[in-house]
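Q: have a look at this prediction, sequence included:
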Amino acid sequence: MNRALKSLCLGLLAATPLWASAQLTGNISLTSNYKFRGQDQDTSKVRAFKPAVQGGIDYSFGDSGFYLGNWNSTVDWLPGNSVEMDFYGGYKFKAGGMDLDVGALTYVYPGNTTGNTTELYGAATLGPVTAKYSHTVSKDYFGWAGAKTSGNRGRNTGYLNVAFAQEVAPNTTFKASVGFTRFASDIKDLGVPNYVDYSVGGAYDFGSGLSLTAAVTGANKKEFFGPVNKNRLIVTLTKTL
């Protein structure tokens, strides 16, 4: 585990007196296609419908702002691996009229650890707009650099995302986002281009923790990345527990 993530987790565990007021929530989803930063996470098939089962838990330490969480999804882009497991922890607070969030996140692929990646992140929300930056601190970035085999590194790859979410009708929210991936120099030296991803759609809240989202999601530089960056209409049904 990355040293920065270890420090964050130890800090959160030191807040044990707050456990009495902690809140535990869970979620489970079924999606027609799992895209991450505009790219399909099932590369075994070239088609729009590639369903994935997803779910996780979140643990907040009362009103302290500290939290821990885990999120998982079925994937198929690494040989010998079929699941992504995300572990994260952070701190949420308010400053200057904005909601701020800082933390660390590790992506784990238990069947093929060459994809394992750790990032630090910071996000700021003002009204309906959220800007979030994630910075890779692990040696590799989702296996792109081949740190374990070639010596190249993905550390210092950055990702900036700006998202907009606004309720436009009762229980209905319009959502749009755009993101930019800037690869580390070792990855760019392999000829991999930086790229932009995007998503436009909406969500409907049925109540009782059940919601449905639909969005067109994709990315540019299709001439390099191929079908994984194609635009997809993705429909997701989520139940919050």
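A: Thanks, I have the structure now.
Q: give me phi/psi at the residue nearest to the spatial centre of the chain?
A: Taking Cα atoms, centre = their mean, the centroid of the chain lies closest to residue 36, which sits 6.8 Å from it. Main-chain torsions, residue 36, degrees, to the nearest 10: phi -120, psi 120.
Q: so it bridges to which residues?
A: residue 39 (DSSP bridges).
Q: equivalent analysis for residue 162, please.
A: Under DSSP bridges, the beta-bridge partners of residue 162 are residue 131, residue 178.
Q: any idea how far the nearest residue to residue 229 once chain neighbours are set aside lies from residue 208?
A: Counting by Cβ to Cβ, 6 or more residues apart in numbering, residue 229 lies nearest to residue 219, which is 4.1 Å off, once chain neighbours are set aside. In this view, the C-beta of every residue, glycine as well, is placed from N, C-alpha and C. Residue 219 sits 34 Å away from residue 208, taking Cβ to Cβ, to the nearest Å as the criterion.
Q: between these two, who's got more neighbours?
A: Each of residue 219 and residue 208 has its neighbours counted (other Cβ atoms under 10 Å); residue 219 has more, 22 against 8.
Q: residues touching that one, list them.
A: If you count contacts by Cβ atoms under 8 Å, 6 or more residues apart in numbering, residue 219 has them with 37, 38, 39, 195, 196, 197, 198, 225, 229.
Q: give me the local confidence score for the third one.
A: On pLDDT, residue 39 comes in at 98.
Q: and for the fifth one?
A: The predicted local distance difference test score for residue 196 is 98.
Q: need phi/psi at the residue nearest to residue 229.
A: Phi and psi for residue 219, reported as degrees, to the nearest 10, are phi -160, psi 160.
Q: bridged to it, which residues?
A: residue 197.
Q: where's it relative to residue 93, distance?
A: Distance from residue 219 to residue 93, by Cβ to Cβ: 32 Å.
Q: same question, residue 60
A: 13 Å.
Q: so these two - more neighbours on which side?
A: residue 60 (18 against 12).
Q: that one contacts residue 66, doesn't it?
A: Yes. Counting by Cβ atoms under 8 Å, residue 60 touches residue 66, with 7.3 Å between them.
Q: for residue 214, helix, strand, or coil?
A: The three-state label given to residue 214 by DSSP: H, G, I helix; E, B strand; the rest coil is strand.
Q: burial check on it, number of neighbours?
A: Neighbours of residue 214 (other Cβ under 10 Å): 14.
Q: again with residue 151
A: Using other Cβ under 10 Å, residue 151 has 10 other residues around it.
Q: now residue 94
A: By other Cβ under 10 Å, the residues close to residue 94 number 10.
Q: what's the pLDDT at residue 32?
A: For residue 32, pLDDT reads 98.
Q: all helices for this structure, in order.
A: Here the chain has its helices, by DSSP state H, at 3-13, 185-188, 222-225.
Q: what comes up buried for stretch 198-206?
A: 198, 199, 201, 202, 203, 205 (16 or more other Cβ atoms under 10 Å).
Q: the bottom helix or strand of the protein by mean pLDDT?
A: helix 3-13 (a mean of 46; mean pLDDT, DSSP states H and E).
Q: quick one, what contacts the closest residue to residue 78 other than its chain neighbours?
A: When the adjacent residues along the chain are set aside, residue 78 lies closest to residue 112, with 4.2 Å between them (Cβ to Cβ, 6+ apart). Counting by Cβ under 8 Å, 6+ apart, residue 112 touches 78, 79, 80, 81.
Q: let's see it at 6 Å
A: 78, 80, 81 (Cβ atoms under 6 Å, 6 or more residues apart in numbering).
Q: residue 114 and residue 96, how far apart?
A: In this view, residue 114 and residue 96 are 41 Å apart by Cβ to Cβ.
Q: neighbour count: the two, which is higher?
A: Neighbours per residue, other Cβ under 10 Å: of residue 114 and residue 96, the larger number sits with residue 114, 19 against 7.
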